[in-house]
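Chemist: need a 3D model of the following:
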Amino acid sequence: MAELFDRGDCDEIEKDINRKLQKIYPEPCWEDDPYDFLREYL
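Modeler: Numbering: from 1, shown residues only. You can find the predicted model right below:
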């Protein structure tokens, strides 16, 4: 497992991941019930 992270370009990979994650907007709210709107119909 250590071999996977023992690379010379880990910093660049981390920066690339952070750039892509910053493009995701808005941050999903994991505490909200995605099906809450259906309660009034059931």
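
Chemist: show residues contacting whichever strand or helix holds Ile17.
Modeler: Taking DSSP states H and E as the criterion, Ile17 maps to helix 10-22. Residues outside helix 10-22 that contact it (Cβ atoms under 8 Å, 6 or more residues apart in numbering): Arg7. C-beta here means a position set from N, CA and C on the backbone, and glycine is covered the same way.

Chemist: so what's the residue count around Phe5?
Modeler: Using other Cβ atoms under 10 Å, the number of residues around Phe5 comes to 8.

Chemist: contacts only, for it.
Modeler: Going by Cβ under 8 Å, 6+ apart, Phe5 touches no other residue.

Chemist: distance of it relative to Glu14?
Modeler: When Cβ to Cβ, to the nearest Å is applied, the distance between Phe5 and Glu14 equals 11 Å.

Chemist: same deal with Leu42?
Modeler: Leu42 is 45 Å from Glu14, where distance means Cβ to Cβ.

Chemist: those two - which one has more neighbours?
Modeler: The residue with more neighbours, out of Leu42 and Glu14, is Glu14; 10 against 5, by other Cβ under 10 Å.

Chemist: what about that one, distance to Lys20?
Modeler: 11 Å.

Chemist: alpha carbons of the helix holding Ile17, in CSV - could you do that?
Modeler: What follows is helix 10-22, C-alpha atoms only, in CSV (Å, rounded to 0.1, in the frame of the first residue of the first chain):
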residue,chain,number,x,y,z
CYS,A,10,1.5,13.1,-5.3
ASP,A,11,1.4,16.8,-4.7
GLU,A,12,0.2,17.5,-8.2
ILE,A,13,-2.4,14.7,-7.9
GLU,A,14,-3.6,16.3,-4.7
LYS,A,15,-3.9,19.7,-6.3
ASP,A,16,-5.8,18.3,-9.2
ILE,A,17,-8.3,16.5,-6.9
ASN,A,18,-8.8,19.7,-4.9
ARG,A,19,-9.4,21.8,-8.0
LYS,A,20,-12.0,19.3,-9.2
LEU,A,21,-13.7,19.1,-5.8
GLN,A,22,-13.9,22.9,-5.6
